[in-house]
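1. Sequence and predicted structure below; questions after.
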Amino acid sequence: MSNLVDTAAPPSRPAKLVDDFAPPLILPGAHKLCAGCGEPAAIRSVVEMVDELGLTSRSVGVFGIGCYTSFSPGMDVEVLQALHGRAPSLATGLKRVQPQSIVFTIQGDGDMVNEGLQEVIHTAARGENVTCIMLNNGVFGETGGHMTATTVIGQRTKNSLEGRDPKKHGYPIRMAEMLAPLDGVAYVARGATNNAGNIFQLRKMLRSAFQVQADGLGFSFVEILTMCPTGWFLQTGEAPDYLQDKLQGFHKVGIIKDLAKAPDE
Amino acid sequence: MTRESRGTLVIDIERCKGCELCIDACKPGVLAMTTQSRNDMGYLYPELTPGCTACHACALICPDFVFQVWKYDDPVAVGEAAP
């Protein structure tokens, strides 16, 4: 193999650093997630946007329970650990006691939609000035890959091995579309981490969501579709296409509500 | 068309879990997994061939933060020795 570029050390010719290994606010090697997981890319985008907006010293992350919780000890942002699904309520209390802080929650679909659905709905309806971020992969990744309320029709999980069947398992919930009509909600968007284009779009959404909170406009919500090749019974390389075909077909990527852009609505 | 390398990578192969997400993410298609050599954890890992554009798609999608991306001040023609 002669045609390889040496990648053991930085280049000796003049060059500038575009992207360091881990973002400045995450300890490299801080997680033990499976190969091919989409959550590290999502968490990376979140903390990089916090950093980019200069909100680091004021930010507090409220974590739910899930695979992504393994990031909480390795992040250079204040972190509060909530009980299953209760992160939005904890964030509410925190924001009311310390209104100058920037409060965001990191929750999975199992945590937010199955275990604590009413918490996020009431937080959104009250128009609490917090940002809720949901990592949606359609499975309870941490506890073994079972079906959640957002698992799309036809998706294979531990207890829908033939694919989710609406006759047997019912229909999934579109979380972003459900929260958007509430009056207290200022920003709702859905992104994905399955390719670089979607990640660039996702970073814009996260920046807008944090900006909405910093401007005090109300509740902001970003749903992020992430890959879980382990829970989907797939090779890691197949997961991004599966997300595109299956999950994105039901959970459409895009900005669903943005009061900052259209104040009349 | 003359190809050029507009940047390069530093790859921390010991942290790689061999998921191959970077291979599909790489627009110029200059990353390839090893076929024989494995890291200490036993995974195949990506290697870089000339032609990197420093688009940092690999770094954005990598779950294990394996890539450090450098953009050259002046592009290097492929074939020229790229240190």
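-> Yep, it's here.

2. Please make it C-alpha for all contacts and neighbour counts, starting now.
-> Fine.

3. Can you give me the pLDDT of residue 28?
-> Unless you meant another one, I'm taking chain A. A:Pro28 is assigned a pLDDT of 70 by the prediction.

4. actually chain B
-> Note on B:Pro28: pLDDT of 91.

5. Contacts only, for residue 75.
-> This is for chain A. Residues near A:Met75 by C-alpha atoms under 8 Å, 6 or more residues apart in numbering or on different chains: A:Leu25, A:Ile26, A:Leu27.

6. meant chain B actually
-> By C-alpha under 8 Å, 6+ apart, the neighbours of B:Pro75 are B:Glu4, B:Ser5, B:Arg6, B:Gly7.

7. make it 7 Å
-> Contact partners of B:Pro75, counting by C-alpha atoms under 7 Å, 6 or more residues apart in numbering or on different chains, are B:Glu4, B:Ser5, B:Arg6.

8. Rebuild those residues as a markdown table, extending it with distance to chain A, pLDDT and neighbour count.
-> Shown next, in a markdown table, are those (distance: C-alpha to the nearest C-alpha, whole Å; pLDDT from 0 to 100; neighbours: other C-alpha atoms under 10 Å in any protein chain shown):
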| residue | distance to chain A | pLDDT | neighbour count |
| --- | --- | --- | --- |
| B:Glu4 | 13 | 86 | 16 |
| B:Ser5 | 10 | 89 | 21 |
| B:Arg6 | 9 | 91 | 21 |
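
9. Helices - which of the residues you listed land there?
-> Here DSSP state H is the test, and those give no hits in helices at all.

10. Tell me, how many residues neighbour A:Gly170?
-> 11 (other C-alpha atoms under 10 Å in any protein chain shown).

11. The one 10 residues further on too?
-> Residue crowding around A:Ala180 was assessed by other C-alpha under 10 Å; the count is 22.

12. Could you do A:Met178 as well?
-> Counted with other C-alpha under 10 Å, A:Met178 comes out at 11.

13. cool, and the one 3 residues further on?
-> The number of residues packed around A:Pro181, counting by other C-alpha under 10 Å, is 14.

14. Report the separation between it and A:Ile256.
-> Counting by C-alpha to C-alpha, to the nearest Å, the gap from A:Pro181 to A:Ile256 is 10 Å.

15. A:Val152 now?
-> A:Val152 sits at a distance of 19 Å from A:Ile256 (criterion: C-alpha to C-alpha).

16. which stretches of the chain form strands?
-> Since no chain was named, I'll use chain A. With strands called from DSSP state E, chain A shows them at A:15-19, A:59-63, A:78-81, A:102-108, A:131-136, A:139-140, A:146-147, A:185-192, A:219-225, A:254-258.

17. sorry, should have said chain B
-> B:4-11, B:31-38, B:44-48, B:67-77.

18. of those, which approaches A:Met112 most closely?
-> Judged by C-alpha to C-alpha, the one of the strands of chain B that comes nearest to A:Met112 is strand B:67-77, at 31.8 Å.

19. ok, the closest residue to B:Trp70 other than its chain neighbours - contacts?
-> Closest residue in space to B:Trp70, ignoring its immediate chain neighbours: A:Leu17 at 4.6 Å, by C-alpha to C-alpha, 6 or more residues apart in numbering or on different chains. In this structure, A:Leu17 makes contact with B:Val69, B:Trp70, B:Lys71, judged by C-alpha under 7 Å, 6+ apart.

20. The first one is in contact with B:Ile11, isn't it?
-> So that's B:Val69. No. Judged on C-alpha atoms under 7 Å, B:Val69 makes no contact with B:Ile11 at a distance of 8.9 Å.
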